[in-house]
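1. The following comprises the amino acid sequence and a computationally predicted model.
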Amino acid sequence: MALQISATNPEHPALLLELPWQTPLEEWPEEYLVPLPRGISRHVVRYARAGDEVIAVKELAERPALREYQLLRDLDRLAIPAVDALAVVTGRLGTAGEPLEPVLVTRHLGGSLPYRSMFETTLRPATMHRLMDALAVLLVRLHLAGFAWGDCSLSNTLFRRDAGAYAAYLVDAETGDLHPRLSDGQRGYDLDLARVNISGELLDLEASGALHPSVDPIDFGTEICARYRSLWEELTRTSVYPAGKYHYIERRIRRLNDLGFDVAEMQIEHASNGDTVTFVPKVVDAGHHQRQLLRLTGLDAEENQARRLLNDLESWMATQDDYAPGDPLGARPEVLAHRWVREVFRPTVRAVPVELRGAMDPAEIYHELLEHRWYLSERAQHDIGLDTAVVDYIANILPRARETLQPTAD
């Protein structure tokens, strides 16, 4: 059987042909590999470079490779945080003509880390709580989309910094199934697997001495269940309000927006006696602030990053002479937003030397600079300005943080 590359982009097959498919993945020469940290996997996984892309290559049997490739494409269509599927390579033969396992090729998620790399320096419990929050949000988003993961765990997740919090991405869909809607039993099964898997992974870290002494692995495994249920209840519960109190519905929608979700459709029913109104959010989409920032500025960021950038954008717009909300003669928000990107955001980010940025993307850099500005302003008891904050951050913060910001090889 001849080598076959099934790819999402017509350009990828030509780039992938340069890789040594006739060699078992475990034996690939160093010249093709990229030294990035890898998580635990039941399969052989390597990072390699294909043209300008850094890719993850995973060996597995043909049927599960094709199935996972399709599931990852489905998740991308549903705008679920997951790695991008690029190709499946089948028909591999070794130098002696022996058959080799097919591979699934995904795009490396820039700035992301597997959980074990994050535990190379003992994480504080507060940071671990943020990881649990991120994983709970990911699991809820998957379930809202009808995806049963079948193996939710820290090992099957990648984490990216998100303005003081973390964003979680699914990295292994091999055991997943996509349905029009999940039953309570399917969701409960996924959640129970998550609890068991996470507790087991943390017990393993505890045995190796990499876990903070105050962290109880069993409690943290249970925590994911509590956080998931709390979020699921807030997103899907039916609310009954007194008739005429429509601002209660607006308050509920605002609360969902604050959690990072949009109500794309709602069902409102009046009681037959006219005393109450029942409100049900029918469809809830994640990424409220992401979409708002993208619409206004064209910037693509994580949810918490987007919220922080929008706050800064609104503060900046209020200082502009042509900012006049509701006045048809005033500048449109989109015009002001693009001016902010051109005059504030981009120059600020470009002031940070590329060699000092490590794994941080532009939105995370800007968030860090805003945090540093706040800290210095609090200490000085007056606003020190963004330019001063940038200079101090480059001189005093980034040189010390460089080691932790850049991924290291395992």
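-> Structure received. Numbering: from 1, shown residues only.
2. right, and residue 102 touches residue 59 too?
-> Yes - taking contacts as CB atoms under 8 Å, residue 102 lies within contact range of residue 59: 7.4 Å. Just so you know, the C-beta spots here come from the backbone N, C-alpha and C atoms, and that holds for glycine as well.
3. Tell me which of the two has more neighbours.
-> With neighbours defined as other CB atoms under 10 Å, residue 102 and residue 59 compare such that residue 102 has more, 23 against 20.
4. Just list the residues touching that one, thanks.
-> By CB atoms under 8 Å, 6 or more residues apart in numbering, the contact set of residue 102 is 59-62, 65, 88-92.
5. Run through the neighbouring helices and strands of the strand or helix carrying residue 207.
-> Assessed by DSSP states H and E, residue 207 sits inside helix 184-208. Counting contacts by 3 or more CB pairs under 8 Å, 6 or more residues apart in numbering; DSSP states H and E, helix 184-208 packs against helix 125-144, strand 147-148, helix 217-236.
6. Recalculate using a threshold of 10 Å.
-> Packing partners of helix 184-208 (3 or more CB pairs under 10 Å, 6 or more residues apart in numbering; DSSP states H and E): helix 115-118, helix 125-144, strand 147-148, helix 217-236.
7. So which elements touch the third one?
-> Taking 3+ CB pairs under 10 Å, 6+ apart as contact, the helices and strands that strand 147-148 lies on are helix 62-77, helix 125-144, strand 177-178, helix 184-208.
8. so what strands line up beside the shortest one?
-> This points to strand 177-178. strand 147-148 (antiparallel) (DSSP bridges).
9. who does the following helix or strand past the strand it pairs with pair up with?
-> Next helix or strand after strand 147-148 toward the C-terminus (DSSP H and E): strand 157-162. Applying DSSP bridges to the sheet, strand 157-162 is found paired with strand 112-114 (antiparallel), strand 165-170 (antiparallel).
10. Which of these has the lowest mean pLDDT?
-> The minimum mean pLDDT among these belongs to strand 112-114 (a mean of 86).
11. Which residues does that one contact?
-> Contact with strand 112-114 is made by 36-41, 83, 119-120, 154-161, 166-169, 171, 359, 407, 410, as judged by CB atoms under 10 Å, 6 or more residues apart in numbering.
12. Give me the buried entries from these.
-> Listed as buried from these are 36-37, 39, 41, 83, 119, 154-161, 166-169, 171, 407; burial here means 16 or more other CB atoms under 10 Å.
13. ok, back up a step: just say which of the helices and strands packed on strand 147-148 is most tucked in.
-> Mean neighbour count (mean count of other CB atoms under 10 Å) peaks for helix 125-144 among these, with a mean of 20.
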